[in-house]
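Enquirer: Have a look at this fold, sequence not included:
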């Protein structure tokens, strides 16, 4: 196994950072790595907002319910961005672009472009000994995040990432068995048994981990998650921002 | 600069592979890497279909218009997957899950989960000297791809990836200047100048590259892309598959 794969397999979400700030050199390498990710038809349909302003960080910590967002890690918000593609268009061309720009195809393109760039950033950071955590909970109040960052139409915040020198080493959470996520040639509809086996793994994990031991299984956790409606306003905010329409 | 960052920065899309097949050991490392990516609230909302059946590969090559899809590389299709989350639900619980499962929030979650896993797979492959290329053009005929792979409701193909021993070394395509994708604290709406500068870079690149020289700029390319409606049926197919509704 090489160093890169070791780095990837050693991933855990880090939520507590030392005071040592991320250096300009580190940030520059992280951004270069992000930019070198593949991008659909050369669209590079994402932007990254680094948040250093203390007031904005505090607001984002409140929205996300994650206190550490305002602490000493470097906070970045990854956005879907189809705005810059319109910047050089005449008003007539702009009108012609909208049907395409605002369809689900380009919503997917921009979300995937942003995620590929983010994961390159994450691996680059981790390869330098930094820890990272994705912050999906900015979508608790997407309209407020949008306002805080001053985003124009056709730019949509998707998720955040905090990074810094790790100040703890959390356990790694088990993953689904390979047989439940990788199929050859055809999807295997009946993989209840694989999930049942995983439920046993995860029950043992929750019992044995260093902190927050509990009785739980993966399928129960997912049942709870999905039977409690959440972030139902994302649909309308996404459309208001000019994505995923019609 | 460390080895991992070197690997990341050395990325180029490889579309021609040697006959040496990807080994089981390589594939296993690639899938482990994919699985170790971050996942929103532990949902692991993606699946990967490895396509080895020659007939299916030929069908996918035709759909994508990319002949090399049927050649000697290992082909994988990454899917958004919220199906397995319903497998252990009673029919009443299933009904209760749908509002949440089928909203835009969970469409985003599953697309992002799939992309993070895919990018880990890509980096792991490249770290072992393999080349990769993402295949977005499976979305040319999403319903056919869906049928070929036998996907149930709540599983949606998003993009493919081909990997193998590289048989060419394409040029690296320039990226937007950092100032056009990274902003501090607030989005910079006026970055026309940065794009203008990039247009000069890209015009020089298209003139100087080894094959396919042409006169073009990035903003022109994007104007052409967005003024010609494409994949307008993705919206309805996505909804039919039980994603991104209401």
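Expert: Perfect, thanks for sending it. Quick caveat, the model's predicted, so the values are computed rather than measured.
Enquirer: give me the number of residues near the residue nearest to residue A:228 when sequence neighbours are not counted?
Expert: Nearest non-adjacent residue to residue A:228, counting by Cβ to Cβ, 6 or more residues apart in numbering or on different chains: residue B:100, 7.2 Å away. Any C-beta I mention is one placed from the backbone N, CA and C, and that applies to glycine too. Using other Cβ atoms under 10 Å in any protein chain shown, residue B:100 is surrounded by 19 other residues.
Enquirer: what's the distance between the helix or strand of chain A with the lowest mean pLDDT and the middle of its chain?
Expert: When the helices and strands of chain A are compared on mean pLDDT, DSSP states H and E, helix A:192-208 comes out lowest with a mean of 91. Between the centre of helix A:192-208 and the centre of its chain there are 25 Å (Cα atoms, centre = their mean, to the nearest Å).
Enquirer: ok, now stretch A:53-71?
Expert: Its chain's C-alpha centre and that of stretch A:53-71 lie 16 Å apart, by Cα atoms, centre = their mean.
Enquirer: Next, the buried residues of that stretch.
Expert: Within stretch A:53-71, the residues scored as buried using 16 or more other Cβ atoms under 10 Å in any protein chain shown are A:56, A:57, A:59, A:60, A:61, A:63, A:64, A:66, A:68, A:69, A:70, A:71.
Enquirer: Check which element follows the helix or strand hosting the second one along the chain.
Expert: Under the assignment given by DSSP states H and E, the secondary-structure element containing residue A:57 is helix A:54-64. Under the assignment DSSP H and E, the closest C-terminal helix or strand after helix A:54-64 is strand A:74-81.
Enquirer: Tell me the strands beside that following strand, with direction?
Expert: Using DSSP bridges, strand A:74-81 pairs in its sheet with strand A:46-51 (antiparallel), strand A:155-164 (antiparallel).
Enquirer: Report the mean per-residue pLDDT for the top helix by length along chain A.
Expert: Criterion DSSP state H: the longest helix present in chain A is helix A:104-127. Mean per-residue pLDDT for helix A:104-127: 98.
Enquirer: thinking again about what came up before, list the contacts for the residue nearest to residue A:228?
Expert: A:225, A:226, A:227, A:228, A:229, A:230, A:232, B:106 (Cβ atoms under 8 Å, 6 or more residues apart in numbering or on different chains).
Enquirer: any idea how chain A splits into domains?
Expert: A:3-170, A:178-218 (automatic domain parsing).
Enquirer: Point out the most buried one among those domains.
Expert: domain A:3-170 (a mean of 21; mean count of other Cβ atoms under 10 Å in any protein chain shown).
Enquirer: Span of that one from start to end?
Expert: This stretch, domain A:3-170, spans 21 Å end to end (Cα to Cα, to the nearest Å).
Enquirer: and what of stretch A:157-174?
Expert: 29 Å.
Enquirer: now it: how far from the chain's centre is it?
Expert: So, by Cα atoms, centre = their mean, the centroid of stretch A:157-174 is 11 Å from its chain's centroid.
Enquirer: got it, and stretch A:49-58?
Expert: Using Cα atoms, centre = their mean, the offset of stretch A:49-58 from its chain centre is 18 Å.
Enquirer: cool, and stretch A:226-242?
Expert: With Cα atoms, centre = their mean, you get 16 Å for stretch A:226-242.
Enquirer: Flag every buried residue along that stretch.
Expert: A:226, A:227, A:230, A:231, A:233, A:234, A:235, A:237, A:238, A:241, A:242.
Enquirer: quick one: contacts of it?
Expert: Here stretch A:226-242 has contacts from A:82, A:98, A:101-102, A:107, A:139-140, A:142-143, A:146, A:151, A:153-156, A:244-245, B:85-86, B:93, B:96-97, B:99-101, B:103-105, B:108, B:244, B:246, using Cβ under 8 Å, 6+ apart.
Enquirer: Now the residue of chain A positioned farthest from its centre: phi and psi?
Expert: Within chain A, residue A:92 marks the point farthest from the mean C-alpha position, 35.1 Å out by Cα atoms, centre = their mean. Main-chain dihedrals, residue A:92, degrees, to the nearest 10: phi -70, psi -50.
Enquirer: how much space is there between it and chain B?
Expert: 10 Å (Cβ to the nearest Cβ, to the nearest Å).
Enquirer: Read off the pLDDT value for that residue.
Expert: For residue A:92, the predicted pLDDT is 96.
Enquirer: residues contacting residue A:15?
Expert: Neighbour list for residue A:15: A:66, A:68, A:133, A:162, A:168, A:170 [criterion: Cβ under 8 Å, 6+ apart].
Enquirer: how does it look with 10 Å?
Expert: A:66-69, A:71, A:73, A:131-133, A:135, A:162, A:166-168, A:170 (Cβ atoms under 10 Å, 6 or more residues apart in numbering or on different chains).
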